[in-house]
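> sequence and predicted model, in that order:
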Amino acid sequence: MKYLITKFPIFRSNPRLAGFLGVSVSTFIVGLLFFTVTYLLPGAETVKAEEPNPASLVSKVSNSKSILEVHIASNGMVFLQGGLVESVSGTTIVVGTSWEATKMSWIIHTDASDYGKRHFGTIFLDSKGKKVAITDIRVGDVITVSGTLKPSSSGMILKAEVVRI
């Protein structure tokens with residue numbers, strides 16, 4: 001560091017800068033040595049990831065059912081993906097989920113109000129994120145719902161914030 005302070009006048013006025021530069025250069029050299037020893041010595045082997053066969057991926061995706069996910073947080077927030085629409089009546093959607101022999105029925109309450117450019121309540125989206133209406137949801141559609149559980153109910157009743165077809 002004394003060498004840096006005597007050779008460069010900026011380090012005379014700020015000796016901490018000389019210390020910082022010295023530590024930085026030392027760290028770089030140690031890192032470079034570690035990299036060289038680890039990756040560049042003879043006998044080190046580089047592993048490449050294999051590319052999957054596109055034909056096998058297509059057959060797996062097309063033969064599988066939609067993904068079923070249910071997440072319920074401790075504060076009552078719910079994320080339901082892969083629910084099958086069983087009925088649509090007014091602003092209520094009944095959705096069924098099943099896993100092997102277990103079947104659950106979810107009652108989804110929606111509310112939507114449009115005041116010109118302003119929208120309040122449940123947002124309905126298609127698979128591309130375009131806004132749609134509850135009337136676009138049909139029996140047999142697979143939907144994703146996020147919302148909150150109604151705490152006073154004994155069943156699975158959700159107040160939906162977003163419904164995605």
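Nice, I can see it. Residues are numbered from 1 along each chain as shown.
> mind listing what's buried in the host helix or strand of Leu32?
Assigned by DSSP states H and E, Leu32 belongs to helix 15-35. Of all the residues in helix 15-35, those buried under the rule 16 or more other C-beta atoms under 10 Å are Ala18. Just so you know, the C-beta spots here come from the backbone N, C-alpha and C atoms, and that holds for glycine as well.
> then stretch 92-112?
So stretch 92-112, judged by 16+ other C-beta under 10 Å, has buried residues 93-95, 97, 106, 108, 110.
> show me those residues that map onto strands.
Within the buried residues of stretch 92-112, residues falling in strands by DSSP state E are 93-95, 97, 106, 108.
> so what pairs up with Phe120 in the strands?
Judged by DSSP bridges, the bridge partners of Phe120 are Ser113.
> ok, back up a step: with distance to Leu33 and pLDDT added, can I get the buried residues of stretch 92-112 in TSV?
Below are the buried residues of stretch 92-112 laid out as TSV (distance: C-beta to C-beta, whole Å; pLDDT from 0 to 100):
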residue	distance to Leu33	pLDDT
Ile93	63	93
Val94	66	93
Val95	60	94
Thr97	56	90
Trp106	60	93
Ile108	61	93
Thr110	63	91
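> state the pair within these that is farthest apart.
Across those, the longest distance by C-beta to C-beta is 17.8 Å; it joins Thr97 and Thr110.
> just to revisit the earlier point, quick one: which of the buried residues of stretch 92-112 is nearest Thr36?
Thr97 (55.0 Å).
> could you measure from the closest one over to Trp106?
7 Å (C-beta to C-beta, to the nearest Å).
> and if you look at Asn14?
66 Å.
> ditto for Phe79
Distance from Phe79 to Trp106, by C-beta to C-beta: 12 Å.
> give the intersection of the neighbour lists for these two.
Common neighbours of Phe79 and Trp106 (criterion: C-beta atoms under 8 Å, 6 or more residues apart in numbering): Val145.
> chain center to the helix holding Leu32: distance?
Centre-to-centre, helix 15-35 and its host chain are 39 Å apart (C-alpha atoms, centre = their mean, to the nearest Å).
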